[in-house]
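# Below is the sequence, then the predicted model.
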Amino acid sequence: NAGVTQTPKFQVLKTGQSMTLQCAQDMNHEYMSWYRQDPGMGLRLIHYSVGAGITDQGEVPNGYNVSRSTTEDFPLRLLSAAPSQTSVYFCASSFQGGANYGYTFGSGTRLTVV
Amino acid sequence: AQSVTQLDSQVPVFEEAPVELRCNYSSSVSVYLFWYVQYPNQGLQLLLKYLSGSTLVKGINGFEAEFNKSQTSFHLRKPSVHISDTAEYFCAVRGSGGSYIPTFGRGTSLIVHP
């Protein structure tokens, strides 16, 4: 059971560089989302998707893009990295309905922007 | 709109002592409630959830939580903690209607001392 797989686990970027954080799930979950976790701030929603071809903004979307071309994959793109984007990023997925409403989280990507 | 307040940012406790981590929520609709645990350098794992029915729910690792609708609370308890319970704990709420987006609290750091 792979669950939710995030790559890379660690990344250092220079200001202005772009990169893509990968997220893949093998549970056929309709719902996928990206969060960032900062000390004392808890989890803040960046973008989410309720199915292939459908994405929407969360609480802190600026500086990030997403797409959902397949049910399995939900990559997060940083267009021009800034030091304020230094954070730990988590991808999560869940079924939309049914008895199980809990999320499955990936193990995270620790990003440092210098 | 919904919100979650975790009243303690840090809870220190000695091994084998009982512990309660507090969570209060606000919502204009019926809710589903969750507790997640995050061990150091890992993603979040679902600890337990309240969807309906009995207000006392039991989760993994000996944790339980009680849903109190009148006090809008969902406190997490364990009668005897272990060193291995040292982790960050997040309370989350989502509406029982069409929105699949949960709101997370800022987290409570449980520190178990020998």
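Nice, I can see it.

# Run a quick neighbour tally on A:Ala82.
Residues lying near A:Ala82 (other C-beta atoms under 10 Å in any protein chain shown) number 14. C-beta: built from backbone N, CA, C; applies to glycine.

# mind listing what it touches?
Contacts for A:Ala82 (C-beta atoms under 8 Å, 6 or more residues apart in numbering or on different chains) come out as A:Thr15, A:Gly63, A:Val113.

# Hmm, the first one is touching A:Val113, no?
To tie it back to what came earlier, the one meant is A:Thr15. Yes: using C-beta atoms under 8 Å, A:Thr15 is in contact with A:Val113, at 6.1 Å.

# Kindly provide the distance from the residue nearest the centre of chain A to B:Leu44.
Ranked by distance to the mean C-alpha position of chain A (C-alpha atoms, centre = their mean), the top residue is A:Trp34 at 2.8 Å. Remark: distance between A:Trp34 and B:Leu44 (C-beta to C-beta, to the nearest Å) = 13 Å.

# Give me the common contacts of those two.
The contact lists of A:Trp34 and B:Leu44 share A:Phe90, A:Ala92, where a contact means C-beta under 8 Å, 6+ apart.

# Compare A:Thr15 and A:Val113 (neighbour count), which wins?
In this view A:Thr15 and A:Val113 are compared by other C-beta under 10 Å, and A:Val113 has more residues nearby, 19 against 11.

# Now that one: phi and psi?
phi -110, psi 120 (degrees, to the nearest 10).

# who's in contact with it?
By C-beta under 8 Å, 6+ apart, the residues touching A:Val113 are A:Val12, A:Leu13, A:Lys14, A:Thr15, A:Ala81, A:Ala82, A:Pro83, A:Ser84, A:Gln85, A:Thr86.

# at 6 Å instead, please
A:Leu13, A:Ala81, A:Pro83, A:Gln85, A:Thr86 (C-beta atoms under 6 Å, 6 or more residues apart in numbering or on different chains).

# Please pick the buried ones from the residues you listed.
Neighbour counting over the contacts of A:Val113 (16 or more other C-beta atoms under 10 Å in any protein chain shown) leaves A:Leu13, A:Ala81, A:Gln85, A:Thr86 as the buried ones.

# Would you mind naming what in chain B lies close to chain A?
Counting by C-beta under 6 Å from any C-beta of the partner chain, chain B comes close to chain A at B:Tyr32, B:Gly43, B:Leu44, B:Leu46, B:Lys49, B:Tyr100, B:Phe104, B:Gly105, B:Arg106, B:Gly107.
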